[in-house]
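S.K.: mind folding the following:
(one chain, ligands or ions: 1)
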Amino acid sequence: MPVAYVNGQVIDGRGKAFTGYVIVDQDKIAEVGQGAPPALAESIVRKDLTAKSILPGLIDCHVHLRSDGLADPRAQQAGDTDAVALLRSARNARRTLECGVTTIRDCGSRGGIDFALRTASQQGLCPTPRLVLSGLIVCMTGGHGWQLGHEADGPDAVRRAARTQIKLGADNVKLIASGGILSPGSEIGAPQFTAEEMRAAVEEAHAAGKISCAHAHGATAIKNAVKAGVDSVEHGYLLDDEGIELMLQRGTYLVATSAAVRNVVKHGTGAGVRPDVVRKAQSAIDQHIASFKKAHKAGVKLAMGTDTGVPYTQHGNNLDEVVYLVEMGLTPMEALSVTTIHAAKLLKMDDRIGSLEAGKLADFVIVDGDPLKDISMLQDKSRILTVAVGGQVMVEREAAKR
Ligand SMILES: [Zn+2]
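M.R.: Presented below is the predicted three-dimensional model:
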């Protein structure tokens, strides 16, 4: 039976907000409009959204479900059996839904547990957001993240690695273009895969109708990844002007994961984060913020991503990133578009999700109040009232009296 959500603020994901209605019929959005809905059949259930807002389901383009975001994620990864990691991933997927995120791209797992989670979710064993999965990350021998990696060297081997992950079920081929904050012995400015190596993987991803992203911090690594044709640069903390220019030319998305670097710096060694990790994050944070602001001003495409699972960036707090985007110069409306329609475009899912439009899947969030007036309200889970994926209500909370 259709449900009409009426009298609420509709934030449509495409930059518009108005008082209006959204009618959901089974798994799809049947109608969206301003003002009062047309005469509704008696059978339609009406839900009043006065003083509330309805948004498209939110999208986080960079998470690691198997990792809780403890001070030392590598210790947890090493200690978990695949069975435990699968249960942990299911619990973290549930936490993600509870904060209003209805689609996630997992950027690296191991043991096929991300694919197993998708199967379990499809069979109704556990509720999860929509899952865009990478399987093992693809990196050079000893490259950043090799513990979750398919190591490969040379274009042919990298091509084979990409084909293997796609064969196993990957929707996204995750490449490693530079050293990383969490890997001991590698500096974040150091390039890893060459452009030629990454190009082979990107060709395979695109030929198969999939996408590809690259972890890249250093200016050279970012340019290598963009030249290779990746759909998005992840982190991009040391992005320079030439890199911004190349990203504009190629239409490459930046998934800035500001939460990841901020949380390491904020918690520091006193909270158990390794000294080398803190040192690298401290060395990058100012340049990250400055280069992000430049990229945004220049018009680089942005999509929201957190790197949830790294130290103190924890599942369920994904929407901290939206607040950071606003702190770094986006309007609240822009930040919400980056977390909905732009993210959907990066994931090549914008024909189905990312905006409230007739015919799209009914992924939506109802919040208590107006995030355009105060974006930080999204960090308060008591104000995330309804979360639906494909019309199925996954989370329902009563509005608190205030
Ligand atoms: Zn990551």
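
S.K.: rest of the way, CA atoms for contacts and neighbours
M.R.: OK.

S.K.: for Gly57, which residues are in contact?
M.R.: Residues near Gly57 by Cα atoms under 8 Å, 6 or more residues apart in numbering: 100-103, 340, 353-355, 363-365, 387-389.

S.K.: let's see 10 Å
M.R.: Counting by Cα atoms under 10 Å, 6 or more residues apart in numbering, Gly57 touches 13, 97, 100-103, 129, 339-341, 353-356, 361-366, 387-390.

S.K.: the residues you listed in strands, which ones?
M.R.: When those are checked against strands (DSSP state E), the matches are 101-103, 364-366, 387-389.

S.K.: state the pair within those residues that is farthest apart.
M.R.: Thr103 and Ile366 (15.7 Å; Cα to Cα).

S.K.: would you say Thr220 is within a helix?
M.R.: Yes. Judged by DSSP: H, G, I helix; E, B strand; the rest coil, Thr220 forms part of a helix.

S.K.: tell me, how many residues neighbour it?
M.R.: 23 (other Cα atoms under 10 Å).

S.K.: out of everything not next to it in sequence, what's closest to it?
M.R.: In this structure, Thr220 finds its nearest non-sequential neighbour in Pro191, 6.5 Å apart by Cα to Cα, 6 or more residues apart in numbering.

S.K.: in the helix or strand bottoming out on mean pLDDT in the chain, what's buried?
M.R.: One helix or strand of the chain scores below all others by mean pLDDT, DSSP states H and E: helix 73-79, with a mean of 92. By neighbour count on 16 or more other Cα atoms under 10 Å, the buried set for helix 73-79 is 73-74, 76-77.

S.K.: so, low pLDDT: which residues of the stretch 1-150 of the chain?
M.R.: Within the stretch 1-150 of the chain, no stretch has pLDDT under 70.

S.K.: so where do the strands sit in it?
M.R.: 3-11, 17-25, 28-34, 45-48, 52-56, 58-63, 101-106, 130-132, 137-139, 149-151 (DSSP state E, counting those that start in this stretch).

S.K.: can you show me the CA trace of the fifth one as PDB?
M.R.: These are the backbone C-alpha positions of strand 52-56, laid out as PDB (Å, rounded to 0.1, in the frame of the first residue of the first chain):
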ATOM      1  CA  LYS A  52      10.700  17.500   9.800                       C
ATOM      2  CA  SER A  53      12.700  17.100   6.600                       C
ATOM      3  CA  ILE A  54      12.900  14.200   4.200                       C
ATOM      4  CA  LEU A  55      16.100  13.500   2.300                       C
ATOM      5  CA  PRO A  56      17.400  10.900  -0.100                       C
END
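
S.K.: adjacent strands (with direction) for it?
M.R.: Sheet pairing for strand 52-56, assigned by DSSP bridges, gives strand 3-11 (parallel), strand 364-368 (antiparallel).

S.K.: okay, the angle between it and strand 101-106?
M.R.: When axes from the mean of the first three to the mean of the last three Cα atoms, to 10 degrees is applied, the directions of strand 52-56 and strand 101-106 differ by 30 degrees.

S.K.: got the angle for strand 52-56 vs strand 17-25?
M.R.: 70 degrees.

S.K.: how distant is the least confident helix or strand of the chain from the center of its chain?
M.R.: 22 Å (Cα atoms, centre = their mean, to the nearest Å).

S.K.: repeat that for stretch 81-88.
M.R.: Distance, centroid of stretch 81-88 to centroid of chain: 22 Å (Cα atoms, centre = their mean).

S.K.: buried sites along it?
M.R.: Going by 16+ other Cα under 10 Å, stretch 81-88 has these buried residues: 85-86, 88.

S.K.: which of those residues fall within helices?
M.R.: 85-86, 88 (DSSP state H).

S.K.: would you mind finding the most buried of the strands of the stretch 1-150 of the chain?
M.R.: With neighbours defined as mean count of other Cα atoms under 10 Å, the strands of the stretch 1-150 of the chain peak in mean count at strand 137-139, which reaches a mean of 30.

S.K.: what are the boundaries of the helices in the stretch 251-400 of the chain?
M.R.: Using DSSP state H, counting those that start in this stretch, the helices assigned to the stretch 251-400 of the chain run over residues 258-267, 275-298, 320-327, 332-338, 341-346.
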